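Undergrad: using only what follows, build the 3D model:
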Amino acid sequence: MLESIFIIIVGVYCIQLISLLISTFKKYKKLPEDKLPSISIIVAVRNEEKNIRRCLESLDQLVYPEGKLEMIISNNQSIDNTGAIIDDFIVGKPLFKHLIPSEDTDHLRGKANALAQAIKISKGEVILTTDADCAVPSTWTKTIGSYYQDDVGMVMGFTTQETYNHFSGMQMMDFIYLLTLASGTMNMGKPVSAIGNNMSYRKSAYQEVGGYETIPFSVTEDFQLLKSIDSLKKYKIIYPLDQEALVVSEPCEDYKTLYRQKKRWGVGGLESDISGYFLLGTTFLANLGILFSAIFFSFISLTSLVIKIGMDFLVFSFILKRLKLLSKLKYFLAFELYFIIYVLALPFTMIKSRKVVWKDKTYDGSENQTLVSKKSL
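TA: Have a look, this model is predicted:
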């Protein structure tokens, strides 16, 4: 009986992945260069002295029509050398602005506050965001901007990660897998996830939903903004698979940091709709079935296991080839083992506690994400 259930789950999982893969490869029209919108790039940073120069150097190499680009680095109460590095780098570079936002308020906190205040002074028609631990290609702005047809309100881009060993390699594969799910669902008209390190939106759409000032505070502020703009039901929200918009971020340095990242994403994912829960539920059950296959050790269960892993490999092959990262397939087996462990363990960690540690601040994981002082930890 359980074997039959596992076969059905694997079948649904495979159909789901195929559908998402097809949707991820969806093509979109592009604007000619003379029609590109003006863009404001915003990077919210906090204590990023190890990463910020690499990010700034990549931004400085961007190619975009003159007079249509600005870059605002919103320095969110950094207490390390981040501010000095920014000031030193932007000397003689008029496209860059160094903003020090005012203190957090009850509603606007952390990254959301840094972004909101930067958007207020921005001049671009389109807001494009990335993170301090990211490097962007010189084609980034031109590629993202070219997708802004009149009816498009948001455009997302893929992000990969630097790979130094199997620990970073499995994180990179995880990023690609999760973003493929996000891209596939978004291109189907069912956005269930967003990541702010390669995210863009019309400033007018942002203002129409009231901005971060009226959006409920969340530890995944990018996802909340996505939901708000999607709720307008007047803009297309797209996630093209385009190698020329591929951002590269740094992986987590250790398992503790990785755990905190996954838990923050997991807590944020609780705010998803039924489409998101179905997607995550199918993924959870398919990976749970892998454990059962080891118990049954029958021809049927092992065949189902091979099919499930084979489907994962097929999806990665197509996506990585399009992104010119096919050599990263060597991390596939490390990813499969890691993915099984964290997908099955994450729900139980959130049942125990929804506290989230994020940028050396702790949030209690409740609906309003109350900030917890360090004394109370």
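Undergrad: pull the contacting residues for residue 275.
TA: By C-beta atoms under 8 Å, 6 or more residues apart in numbering, residue 275 lies in contact with 185, 190, 192. Backbone N, C-alpha and C define where each C-beta goes, glycine included.
Undergrad: most neighbours among the residues you listed, which one is it?
TA: Among these, residue 192 has the most neighbours (other C-beta atoms under 10 Å), with 24 neighbours.
Undergrad: for the contacts of residue 275, which one is nearest residue 137?
TA: When the contacts of residue 275 are compared for distance to residue 137 (C-beta to C-beta), residue 185 wins out at 25.1 Å.
Undergrad: was I right to think the closest one contacts residue 178?
TA: No. Residue 185 lies out of contact with residue 178 (C-beta atoms under 8 Å); the separation is 11.1 Å.
Undergrad: overlap in contacts, the two.
TA: With contacts taken as C-beta under 8 Å, 6+ apart, residue 185 and residue 178 have residue 193 as neighbours in common.
Undergrad: among the contacts of residue 275, name the ones in helices.
TA: Mapping those onto helices (DSSP state H) picks out residue 185.
Undergrad: wait, which of the contacts of residue 275 is closest to residue 80?
TA: residue 192 (35.1 Å).
Undergrad: quick check, that closest one in contact with residue 184.
TA: No. Taking contacts as C-beta under 8 Å, residue 192 lies outside contact range of residue 184: 9.6 Å.
Undergrad: ends of stretch 23-30, what's the gap?
TA: Start-to-end span of stretch 23-30 (C-alpha to C-alpha, to the nearest Å) is 18 Å.
Undergrad: ok, stretch 78-97 next?
TA: Terminal residues of stretch 78-97 are spaced 16 Å apart (C-alpha to C-alpha).
Undergrad: check which residues of that stretch are buried.
TA: Going by neighbour count (16 or more other C-beta atoms under 10 Å), the buried part of stretch 78-97 is 78, 82, 83, 85, 86, 89, 90, 96, 97.
Undergrad: swap in stretch 319-338?
TA: 319-320, 322-323, 325, 328-329, 331-332, 334-336, 338.
Undergrad: likewise for stretch 63-74?
TA: Of all the residues in stretch 63-74, those buried under the rule 16+ other C-beta under 10 Å are 64, 65, 68, 69, 70, 71, 72, 73, 74.
Undergrad: now the end-to-end length of it.
TA: End-to-end for stretch 63-74, by C-alpha to C-alpha: 22 Å.
Undergrad: so which elements touch the helix or strand harbouring residue 8?
TA: Element membership for residue 8 (DSSP states H and E) is helix 2-24. Secondary-structure packing of helix 2-24 (3 or more C-beta pairs under 8 Å, 6 or more residues apart in numbering; DSSP states H and E): helix 166-187, helix 274-296, helix 299-322.
Undergrad: for residue 215, give me its contacts.
TA: Counting by C-beta under 8 Å, 6+ apart, residue 215 touches 112, 209, 221, 224, 225, 228.
Undergrad: residue 133 touches residue 46, doesn't it?
TA: No. Here residue 133 lies out of contact with residue 46, judged by C-beta under 8 Å, at a distance of 11.2 Å.
Undergrad: what are the boundaries of the strands in the stretch 51-200 of the chain?
TA: Applying DSSP state E, counting those that start in this stretch to the stretch 51-200 of the chain gives strands spanning 69-75, 96-99, 126-131, 134-135, 152-156, 159-161, 199-202.
Undergrad: which one of those lies closest to residue 233?
TA: The closest of these to residue 233 is strand 152-156. By C-beta to C-beta, the value is 10.3 Å.
Undergrad: which sections of the protein are below the confidence cut-off?
TA: 1-2, 104-107, 219, 270, 293-297, 352-354, 356-377 (pLDDT under 70).
Undergrad: got the domain boundaries for it?
TA: 2-21+267-351, 26-252 (automatic domain parsing).
Undergrad: hey, which of those domains is tucked in deepest?
TA: Of the domains of the chain, the one with the most neighbours on average (mean count of other C-beta atoms under 10 Å) is domain 26-252, at a mean of 19.
Undergrad: how far does it sit from the chain's center?
TA: Between the centre of domain 26-252 and the centre of its chain there are 10 Å (C-alpha atoms, centre = their mean, to the nearest Å).
Undergrad: contacts only, for residue 96.
TA: So residue 96 contacts 56, 59, 60, 71, 72, 73, 89, 90 (C-beta under 8 Å, 6+ apart).
Undergrad: can you tell me how far the first one is from residue 42?
TA: For residue 56, the distance to residue 42 equals 13 Å [C-beta to C-beta, to the nearest Å].
Undergrad: and if you look at residue 178?
TA: Distance from residue 178 to residue 42, by C-beta to C-beta: 23 Å.
Undergrad: re earlier: ok, so of the buried residues of stretch 319-338, who is nearest residue 255?
TA: Nearest to residue 255 out of the buried residues of stretch 319-338 is residue 338 (C-beta to C-beta; 10.3 Å).
Undergrad: would you mind measuring from the closest one to residue 259?
TA: Per C-beta to C-beta, residue 338 is found 12 Å from residue 259.
Undergrad: kindly report the same for residue 73.
TA: Counting by C-beta to C-beta - residue 73 and residue 259 are separated by 29 Å.
Undergrad: next: residue 26.
TA: Applying C-beta to C-beta, the value for residue 26 to residue 259 is 34 Å.
Undergrad: same thing with residue 215?
TA: The spacing between residue 215 and residue 259, counted by C-beta to C-beta, is 27 Å.
Undergrad: residues contacting residue 71?
TA: Shown in contact with residue 71 (C-beta under 8 Å, 6+ apart): 40, 41, 42, 43, 59, 95, 96, 97.
Undergrad: run through the bridge partners of it.
TA: Beta-bridge partners recorded for residue 71 (DSSP bridges): residue 41, residue 96.
Undergrad: for residue 44, grab phi and psi.
TA: Backbone torsions of residue 44, given as degrees, to the nearest 10, read phi -90, psi 120.
Undergrad: good, we can wrap up now.
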